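Chemist: sequence plus the predicted model coming up.
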Amino acid sequence: MGRKAGAVVLWAAVALQAPAAATSLYAQPRYAAFLADAETGEVLYARQADAPRFPASITKVMTLYVVFERLAAGQLRRDDRVVVSARAAGQPPSKLGLKAGDSLSLDEAIRALTVKSANDVAVAVAEHVAGSEEAFARLMTLKARQLGMVDTRFVNASGLPDPRQLTTARDLGRLAVAVWRDFPQYYGYFTLPHFAFRGQVMANHNHLLRTTPGVDGIKTGYTGAAGFTLAASAVRDGRRLIAVVLGGPSRVARDANVEALLSSGFAALAARARGVPVQVADLMAEPGDLNDFVLQRLVEQGSGDPRAERDRR
């Protein structure tokens, strides 16, 4: 790959033929990015990686980490019934639309979280494990500290907006590595392309599972406060990279930036194997200007924003 190759091509797809001013991704005030080698821990790229950010639905990766830990310890079973409370049923979208008193298996709940990013299920699971979402959130923050996520605090299990729930791109990168490293027996839930529930088939919000070679996880998110977020994991030629992008102005912009990070990261590793000392930053061009028409129109269903739920339909 030539210098700065890869990123330019990926960003070209973002532009539309519409008269509008242009905006750079790097100029977005909420933007942050992080790229690391999952096995060695080497940080390959970081931009605003330690700046406080809202995680949106990437929060659910920690929700699932806590669940996986208890499954592995035998404290939970995948056929356990998770009962939906009135509080859980009242959560805003994205959701399964369960009613108070409904139940689903823990296995179904995990699938609903990884694929559908269902907020009602996140609260139901939290209550099932800890008795209340507040108590579960304390477990999440404690686990974050144990994993070295020193700049993260959780106050809910879904990622719905709360000014107290903050993290960083670096911390979310640590979490993505941890869930892959610690629970290989459950990591496959993040690779699922679809989730079928009561006659409805729902596609995974992580479009990169379908479009980017090697991507096998992990979680997307969106709220108005957070922007478009994504923690992605990909493996090529036996090497695994973790990329995190926060504060994207659109799904397309976020996904393209993650693709560029991963492509540049794998290209840098390949070059190093040939004895060429290349840094990821050498291969990352300034992302092309984003058409404001795209930024205004492209949203995704994901973390409880009514506009995103409406526009998906």
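Modeler: In hand now; what should we look at?
Chemist: now the stretch 1-150 of the chain, which segments are flagged as low pLDDT?
Modeler: Applying pLDDT under 70 to the stretch 1-150 of the chain picks out residues 1-23.
Chemist: ok, which stretches of it are strands?
Modeler: Assigned by DSSP state E, counting those that start in this stretch, the strands in the stretch 1-150 of the chain fall at 22-23, 32-37, 43-47, 81-83, 103-105.
Chemist: among those, which is the most enclosed?
Modeler: Of all the strands of the stretch 1-150 of the chain, strand 32-37 has the most neighbours on average by mean count of other C-beta atoms under 10 Å, namely a mean of 24. Using the backbone N, CA and C atoms, a C-beta is placed for each residue, glycine as well.
Chemist: what is that one packed up against?
Modeler: Here strand 32-37 touches strand 43-47, helix 169-182, strand 239-248, helix 251-273, going by 3 or more C-beta pairs under 8 Å, 6 or more residues apart in numbering; DSSP states H and E.
Chemist: so which of the ones you listed comes closest to L76?
Modeler: Set against L76 and scored by C-beta to C-beta, the helices and strands packed on strand 32-37 come closest in helix 169-182, at 15.5 Å.
Chemist: relative to the centre of the protein, find the outermost residue for me.
Modeler: G275 (33.4 Å; C-alpha atoms, centre = their mean).
Chemist: re earlier: so which of the strands of the stretch 1-150 of the chain gets nearest A243?
Modeler: strand 32-37 (4.9 Å).
Chemist: just want the angle from the closest one to helix 169-182.
Modeler: Orientation check (axes from the mean of the first three to the mean of the last three C-alpha atoms, to 10 degrees): strand 32-37 against helix 169-182 gives 30 degrees.
Chemist: just for the stretch 151-300 of the chain, where's the confidence low?
Modeler: Along the stretch 151-300 of the chain, segments meeting pLDDT under 70 span 285-300.
Chemist: ok, back up a step: export the strands of the stretch 1-150 of the chain to CSV and append columns for distance to T167.
Modeler: Shown next, in CSV, are these (distance: least, C-beta to C-beta, whole Å):
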stretch, distance to T167
strand 22-23, 25
strand 32-37, 10
strand 43-47, 15
strand 81-83, 26
strand 103-105, 28
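Chemist: among the ones you listed, which is nearest R210?
Modeler: Among the strands of the stretch 1-150 of the chain, the nearest to R210 by C-beta to C-beta is strand 32-37 (21.3 Å).
Chemist: contacts for the closest one next, please.
Modeler: If you take C-beta atoms under 8 Å, 6 or more residues apart in numbering as the criterion, strand 32-37 is touched by 42-49, 51, 53, 168-170, 172-173, 177, 239-247, 257, 261-262, 265, 269, 280.
Chemist: are any of those residues buried, and if so which?
Modeler: In these, burial by neighbour count holds for 44-49, 51, 53, 168-170, 172-173, 177, 239-247, 257, 261-262, 265, 269, 280, counting by 16 or more other C-beta atoms under 10 Å.
Chemist: ok, back up a step: closest to Y31 out of the helices and strands packed on strand 32-37?
Modeler: For the helices and strands packed on strand 32-37, the distance to Y31 is smallest for strand 239-248, at 4.2 Å, taking C-beta to C-beta.
Chemist: how far does the closest one sit from its chain's centre?
Modeler: The chain centroid and the centroid of strand 239-248 are separated by 9 Å, computed with C-alpha atoms, centre = their mean, to the nearest Å.
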